[in-house]
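[1] The sequence isn't on hand, but the structure is:
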């Protein structure tokens, strides 16, 4: 079992002067003893190798309550301060999944170490590794709090990129100029709204986690990092709210169009009914089988009745037209 764990684990050690990607060939070597200003970043794919995770906790003398936390692979967003380590659990969106399902992401942080555990293989942190290896930016000269900042910022940036893709994916089919109150169009709008609500829920949870990180005391963290992260998260939430407002407007417009069409239909049916009600009355009167109906004996009775019916019809239509009812 440890082979699988080690295959899915990478370790990078860095300081202001050097960086190295250490081999993960023996779990007993995964000790994070402080050596000057060196910072360790351990990354593991998969949350099922509990024995190996327990061993890392024990051999690094982390708070043993961390073992219990790692046994649960379905945490809500939370930040927990333990004796000598910080536990951060995040529910992050699978942005490569059109349904935007979520997956578990866990950070275990000490003064000189960050252990990121991801439920599935594949992440959005490769650019951070590249900058570490290539010595670009400030990441090597900063402490572990800056690494946390970069990882969370990467999540927000990925959310923003996915948000833009979602906007462009259905922009043609549900744009205002194409509004058509059909089941297909309404389904598309509701589907987009459901995605946006999931997106907002995930972003709000991420922002709340950032707010909690501001209050921790176990690890010294620069407040400016969290101010910037909150601003990015709030900007994304504002964009999502605006898109939700637009979607609600489209739904309301659909209902307005449907109501207008229904009114048009009812107006037409009303006009037809008003025209034919008096005609039906006349036909009913002279269609009765009484023996003595004087008008039936008139020589021009038929033409008089037709003329009366035409006059009534024209009068009703002219009245409606003067009232601008059609």
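    Received the coordinates, thanks. From a predicted model like this one, the values you see are computed outputs, not experimental measurements. Residues are numbered from 1 along each chain as shown.

[2] make it CA atoms for all contacts and neighbour counts henceforth
    OK.

[3] Give me the domain ranges for this structure.
    Per automatic domain parsing, the domain ranges recorded for the chain read 2-256, 269-322.

[4] End to end on the first one, go ahead and measure it.
    With Cα to Cα, to the nearest Å applied, domain 2-256 spans 62 Å between its terminal residues.

[5] tell me what the helix or strand that residue 263 is a member of is packed against?
    Here residue 263 sits within helix 223-286, counting by DSSP states H and E. Applying 3 or more Cα pairs under 8 Å, 6 or more residues apart in numbering; DSSP states H and E, one finds that helix 223-286 makes contact with helix 144-169, helix 183-213, helix 301-322.

[6] Output these as CSV; include the columns distance to residue 225.
    Below are these laid out as CSV (distance: least, Cα to Cα, whole Å):
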stretch, distance to residue 225
helix 144-169, 6
helix 183-213, 10
helix 301-322, 69
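
[7] any chance of the ones you listed in a markdown table, with distance to residue 254, mean neighbour count and mean pLDDT too?
    Shown next, in a markdown table, are the helices and strands packed on helix 223-286 (distance: least, Cα to Cα, whole Å; neighbours: other Cα atoms under 10 Å; pLDDT from 0 to 100):
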| stretch | distance to residue 254 | mean neighbour count | mean pLDDT |
| --- | --- | --- | --- |
| helix 144-169 | 19 | 17 | 86 |
| helix 183-213 | 8 | 18 | 85 |
| helix 301-322 | 28 | 14 | 87 |
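
[8] So the residue lying closest to residue 313 once chain neighbours are set aside versus residue 207, what's the distance?
    What sits nearest to residue 313 in space, not counting adjacent residues and going by Cα to Cα, 6 or more residues apart in numbering, is residue 275, at 5.7 Å. Relative to residue 207, residue 275 is positioned 65 Å away (Cα to Cα).

[9] again, but for residue 30
    32 Å.

[10] do the same with residue 229
    Distance, residue 229 to residue 207, using Cα to Cα: 8 Å.

[11] Equivalent analysis for residue 300, please.
    Taking Cα to Cα, one finds residue 300 at 88 Å from residue 207.

[12] Residue 80 now?
    Separation of residue 80 from residue 207 (Cα to Cα): 16 Å.
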